[in-house]
Each structure stands twice: as structure tokens, then as C-alpha cells.
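J.: missing the sequence, but the structure's below:
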DNA sequence: TATGAATGAGGTTTCATTCAT
DNA sequence: GATGAATGAAACCTCATTCAT
């Protein structure tokens, strides 16, 4: 009921609260409708206060996205399928109901702001390309890749299916999706699988 | 320089000119900055003229996107790889430098407008899921799919990699991409590969 | 269903149809929202057609009000009450559900247009002041007016109560109102009443 | 010349200045032509400032009319004529050169806005019906009403003649009008008059 | 003559940003 | 430093009026 009074933005909790609110607003109403008033009202601060910390709307959005930007450790399970599963699960970990809105907001925002463009890529590539590239490289070195497989395309596979599910299917990707991609696509593409499959096949009959 | 005078919008060429301009504007400045003035100035018409034909900004965008919306015939080459290659190439056909901007505009717009949401899906699924589903089904019936392959995920593969290239890599997908996906991913996943893999497996052991 | 085609405005019926429509629109949406499109659509004509006959919106409204503007014959029943009743009933005759809207429209319009101002007065005074003045004068000459009665104010009585009912009570004045005013106000004010009252007074006591 | 700088609307004087300006604008140009720019320019504020306090044009108008809305105490002089005179004079007190414009504005506005409709009635009935009803009731109880007089109609008499003078005659009602109505109409209608009339009648015959 | 269509000139409202306390 | 308030610069949309057929 009573509106919070004069909690300074220098308070880290307060600061983070604003960024969280900004992300929520962006996710909810989209980039076009995002505005300072919405954020200010949500955290019961004045617009002027926000402008004290962030020189512009873009700056606030940028900062809001920056936060919590984490990267997983590079997996090295010795198996392409499992490495990919790890990366995928980690991405799922970062995903929630807001993610679609956030990604679309970043996409739209990136049309107007270089910094947002950079952030969008970072976000999209959390545990993405860079690590995926490494993982695939190692798999290739282990001879785990069928020779006709296009390694470069393979790198993007998980990210691509994640994005497709999110933006086209409109469903936040979950562990199940990751498993189906890992087992139903990456697996069949990795050479070892042949063996594994063979073993499985062998194990099944009798 | 000299402003065209009173070319009626009923003239189909003029009509299409407006839609083309609208698409260009959307692609260039994004959904947020898209506005009737920009379009009006570009086609040297008055805003009121546009409002005569399109009752709102959203309606104009919707119509602009609708146009040229086509679907390919469903391919049936007898080979999954070739069917997919056909669908992919057809999508490439519809792609140009504006496509990324357009897709982002549709995504952002779809947050505010049901109709745009529908159009976005349509656009994203031109020759997409529906046909891809059919193609994969037929391949399965032909026994062309390795048994462990997840058919449902497979359907989305081309679309997903197309979208990833477009939105994350920022490069309009081209035939080369399609070929790499077809030959480097779909190919290895098709049953023929099973044979190949078997041969390889046979070759590897001793 | 089929829209009437090209009935010329020179056709008197068509002409009057437009004016009727204009009056209806004015009554329905008020002066502020009145616009040529509304009228045009209602009579299935184009705005340009209307502008051919009427040089401006104001001209159309003016003309629309002009029509059917009639005046009653001056009553001379020999009794003030009956003369007033006649005038009042005549006004009721000209009244319908649209009247309130029309009067308000005229009032608002008269702020912007001299001609409308004149028309408003005419409308308000149909069978109003001029005739009322005559009627009261004659009554005075007949000695029908109690001496303390203010004749000039008396003239306005019926009109005033009509207007009050219309604009404040929001109910179109009807015959009942007129009768109540005639018998319940004008009657008691006329000298004859004194007699009547005297008789009644005589009759009432023991 | 020099534009006032940033005088806050929270300043009560400034606030009232805006409302006064709004009333003036409404009175001067009418409801149709009333617009925020006119008000803003007149008080040297920006339209956005006005919109901060009043969410819409209608809201501003409503508030402008609300202010100064007062009601007189209910008179109880023991004489119908004097009670009515009191109410009438009070109404005159609230009347000035703008009143006609304001009332017309309210009438037109009330076609589009429920709240304005309510306000119009309130304004029209300041010291109107409610109190008039009471006053007439008391007079009836005192036996001050001639028996044939229609009490309900009588209640509206002063208001009606006030409105007629204002809207039809185009003259702001003044004390003189009130006195003429009181003495020249109400007086003759009150029972005391019966006596007087009787005396006069007695004097007239021979 | 009737009409479909175009348009200039507003009018309402929104929002990023800036002052003044 | 936080805030209430002000504001310029658009953006969307409407309407009286005018063209061209």
C-alpha cells in the first residue's frame, strides 16, 4: 500500500530491481511500447531518477539485458551428443516465459542501436557458436563425426532449433526438446552412434 | 522533384508501389519507427490518402506483408534430401536483403496485433512445416529415415537453420546454405546413410 | 441491398431525402460530430455530390433546418388560455424524438454561423414570441389579464416551459404538458379566472 | 511576450488559471472548436502539461465546469414570491457574459459524454428543481397556492424563464428579470393574490 | 451530373527528456 | 540524490474540401 520512499539507486538491490522491471516490461509490451514511465511506475520511482543512472532509454534496456548474462563452462564429456545436451540444457536454464518477448525486443532494438545489436548476439550465443564450435571441433578430432556431415552447420543446429521453437512455435524450449535434438538428430549424425546403435541393436534382439 | 499529382490508388501499379514502399520502410526502420508519414512521403502521397485505403498503420503493414505471399508446390522427388533442397531453395527465392528487417518487424508487430501474428507464422512457414511434414512422412514411408531419427524435429530443421542464419548470423540464407544443410545434415540423416554408416562401421573395426 | 445508382439531386425527392438525412445526423451525433461523410453514406451519395448542391457543411445544415419550417395561423379564440393552448399544441406538432438533438445542434452551430443563429431563433420562435405577443396583447385589451401580471414575461411562458422540458428534463414536450401549462399556469393568471376562482371560492365554503 | 517558465500546475493559482482559461475558451468558441492547443496557448503551457493533469479534452472541460459549482442555502422566507426571488437572484449571481456559451457547450458536450451530461444537469439545476420543489411544497402547505395552480409546473417556472432569456433572448438573465418573474408571475399565482384579486374584482364590477 | 479518390490542415494523444525543488 | 512536473517533437487519425473522370 504505502509506496516505497526514496530508496537510492545506489542500493544494489534497488538497482537490480529496476533492471528486472525493465526486462519484464520489455518482455511484456515489446520494444515499441516499452517506455520509461512503465518502468518507473513499476518500481515506484520517478522517470527523472532513472535518467540519473541511465542516460537514455536505450542505455537502460542495454543494461537490463547485460545483467545475469552468464556463460556456461565449456563441456567436455567426450561425447558430442552429451556435450550438446549440456549446452542445450544450460540454455534451457536461462529460458523462461519472458524469453520470447525479450529476444524479440532485442531484435527490434538492435535495429536502432549498435550496442543492443551486440547484446542480442551475445544473448543468442550464450553457450552458443563459440562453445558449440569447440565442441564440434573436438568431436571431429575424436573421429566422432560422420565424414559427410557439415561441421559448420552442425554447430548451429541446437541454437537454430532452440530459436525456431521459441520464435516460430512460440513455446519456450525445454529439456525435452534438447533431448530430442540430442538423441534424435545429433546422435544419428555422430559416428560413434553407429557403434552405439549397433551395440544397442545387438543388445536388443535376443 | 516535381511531385506526382493525384495518381489514384486504384491504379494497381500505384497500389503496389505503396505496399512496396511500406515493406521497404518496415525493413529499413523497424516496426517501432515505422509510420505513415514515412510511407506517404516515399510515395508522394498524403497520409490521408493512405488512410483511405488502409484504416490503420497495422492494416497497411498487414497488407504490405500479405502481398506476394505464395506457397510452393509440394515437392515429391522420391528423395528426402532433394525434397528438402527444393523447399529450401524456394524459401531462398523469397529472400532478399529486406527479409531480415521484415521478419523482425513482423515479430515485433505480432506482439500487438493478432493478424500480424498470424501473418508472421504464415510467412515463417511458407513451404515450411506443413510441407516439410509431408515430405518427412513420405520419406519415413519409403524407409528412408534412420530409425533413431526424430521425425518431428527433422521437419523443422531447414526452417530452423534458415531462421538462424537470417536472425543470428545476419546473412540472408542462400542456395549454398541450403545445399550444405541438405547434403551435410539431411543427407547423413537419411537411411541411405545407414548403409553408408554400416559400411563405415564395417570398415572401421578390424 | 443494391445501392441506388445515380439518382440526380435535381430530383426533388432525392433532394429532400438528403436534407432529412442531414437533420437526422445532426440530431443523432450533434454538431461536433456531424460531417459530410455521415450524410453522404446515409443517402448513398458521394460527398462531392453534396458539395455540388451545398457549398459548405454549414450551408447543408442551414438548408436542412430551413425545410418544413412552418408557422401556424395566429389563433384568436377569444380566450388567452385557448389561444396559448393552440400555439403550444402546434409546437408539439413540430416536435419529435429528434427535436432535442436538433435544437442543441442549432445552438452550437449558431455560435459559428450567423445564418444558423437566425435559423435557430426562427425555429425557437415558430409560433413563438411574435404570435404570443399578439395573443397576450389581445387578451390585455379584452381585460383578461390580471393587472399585476407582467405581460412581456407572460408571452415567453409557454416557450420557456417547452424549452425547459426539452433541454433540462430531456423529454419532448407533449400535449399533456401544454394542457398543464395552459390550465395550471396561464388559466390562473388570466382575469377570467378571478371570476371562476371567486365562484369556486363561493362554492367551497359552507 | 516573455513566456512564463515552468509554473507548476500544482500551484493552485496556476491550476485555477487553466480551468478559467478552459471555461473562457469553451464559452468563446463552443464545444466543437474547443481544443487543447487553444487552452495551452492561452495559459502559456504545453499541451502535454495539460494532458498530465487531465487525461482528455472531455476531462478538462468537465473539471473546468465542476469548479465554482455551488448551491445556495434553501430559502425559507415564509413567502413563495420571496423564496423564488432568492433562488432566482442566486442564479443571477452565477451568471455572466460567458454563461450562455458555457451552457451551450455543456449541452453539446453532453451528447458525447455521460459525465458532461450529468454536469449540465447539475449546472442547470443549481438552486433549481430540488430547492424549487421544496419551496413550492412549503408554499402549498402554507395554503399560499391558488388551488388550480399546477405545482409541478410552477417549480420549473423560474428556471424555464431563466433558460429562455439566456438561450433564446440571448441576454444573461439579471435581477430585473427575476423581479419581473417574481412579482409579475409568481406573485399573481400565489393564494394571497386570490384575495387581492377578489378585492379587485369587487372593485371592478359596478 | 455524379462520383471515387486525393489531400492540407488540423486535433488528440504519447513519450523521451529536462527542470526545479 | 530523488522526485514531481513541464515540455517539444512527433505519431496517429479525421474531415472539409477539391480534382479528375
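T.: Everything's here; your move. Note that the structure is a prediction, hence the values are computed from the model and not measured.
J.: quick one, what contacts residue A:151?
T.: The contact partners of residue A:151, by CB atoms under 8 Å, 6 or more residues apart in numbering or on different chains, come to A:136, A:137, A:140, A:145. (Each C-beta comes from the backbone N, C-alpha and C, glycine too.)
J.: can you list the residues that contact whatever helix or strand residue A:50 lives in?
T.: If you go by DSSP states H and E, residue A:50 is part of helix A:47-53. Contacts with helix A:47-53, where a contact means CB under 8 Å, 6+ apart, come from A:9, A:15, A:18, A:36, A:37, A:39, A:40, A:60.
J.: where's the closest residue to the fifth one other than its chain neighbours relative to chain C, distance?
T.: Setting aside the residues directly before and after it, residue A:37 is nearest to residue A:47 in space (CB to CB, 6 or more residues apart in numbering or on different chains), at 6.3 Å. The gap separating residue A:47 from chain C is 35 Å, by CB to the nearest CB, to the nearest Å.
J.: State the pLDDT value of residue A:47.
T.: Residue A:47 is assigned 94 on the pLDDT scale.
J.: One more: residue A:68?
T.: 64.
J.: sorry, back to before: just how off-centre is the helix holding residue A:50 within its chain?
T.: 29 Å (CA atoms, centre = their mean, to the nearest Å).
J.: just stretch A:151-162 next, same as before
T.: 14 Å.
J.: Then stretch A:141-159?
T.: Worked out by CA atoms, centre = their mean, stretch A:141-159 lies 21 Å from the chain centre.
J.: what's near enough to touch the residue in chain A that DNA strand E sits nearest to?
T.: Nearest residue of chain A to DNA strand E (CB to the nearest atom of the strand) works out as residue A:35 at 2.9 Å. By CB under 8 Å, 6+ apart, the residues touching residue A:35 are residue A:57.
J.: same deal with residue A:185?
T.: By CB under 8 Å, 6+ apart, the contact set of residue A:185 is A:157, A:161, B:149, B:150, B:153, B:154, B:157, B:189.
J.: run the last query once more with 7 Å
T.: A:157, B:149, B:150, B:153, B:154 (CB atoms under 7 Å, 6 or more residues apart in numbering or on different chains).
J.: try residue A:76
T.: With CB under 7 Å, 6+ apart, residue A:76 has these contacts: A:83, A:138.
J.: now chain A, which segments are flagged as low pLDDT?
T.: Applying pLDDT under 70 to chain A picks out residues A:1-8, A:68-69, A:126-129, A:191-206.
J.: and it, which of its residues are near DNA strand E?
T.: Within chain A, the residues that sit near DNA strand E (CB under 7 Å from any atom of the strand) are A:33, A:34, A:35, A:36, A:37, A:47, A:48, A:51, A:56, A:57.
J.: Can you tell me which of those has the most neighbours?
T.: Neighbour counts for these, by other CB atoms under 10 Å in any protein chain shown, peak at residue A:34, which reaches 23 neighbours.
J.: Look up phi and psi at that one.
T.: The phi/psi pair for residue A:34 (degrees, to the nearest 10) reads phi -60, psi 130.
J.: Look up the closest residue to it, ignoring the ones flanking it.
T.: Residue A:34 sits nearest to residue A:26 (CB to CB, 6+ apart), 5.2 Å away.
J.: What distance do you get for the one you found to residue C:52?
T.: According to CB to CB, to the nearest Å, residue A:26 and residue C:52 sit 55 Å apart.
J.: who's more crowded, the two?
T.: A count of neighbours by other CB under 10 Å puts residue A:26 above the other of residue A:26 and residue C:52, at 26 against 12.
J.: just checking, that one touches residue A:102?
T.: Yes - the pair residue A:26 / residue A:102 is scored as a contact, 6.1 Å apart, by CB atoms under 7 Å.
J.: Let me know the angle separating the lengthiest helix in chain A from helix B:12-33.
T.: The longest helix of chain A (DSSP state H) is helix A:12-33. Relative orientation of helix A:12-33 versus helix B:12-33 (axes from the mean of the first three to the mean of the last three CA atoms, to 10 degrees): 170 degrees.
J.: Can you give the contact residues for helix A:12-33?
T.: A:7-9, A:34, A:38-39, A:42-43, A:50, A:60-61, A:63-64, A:67, A:98, A:101-102, A:104-105, A:108-109, B:31-32, B:108, B:111-112.
J.: Helices along chain A, start to end?
T.: Using DSSP H, helices in chain A cover A:12-33, A:36-42, A:47-53, A:57-66, A:80-93, A:99-110, A:114-124, A:129-141, A:151-164, A:175-181, A:187-189, A:191-203.
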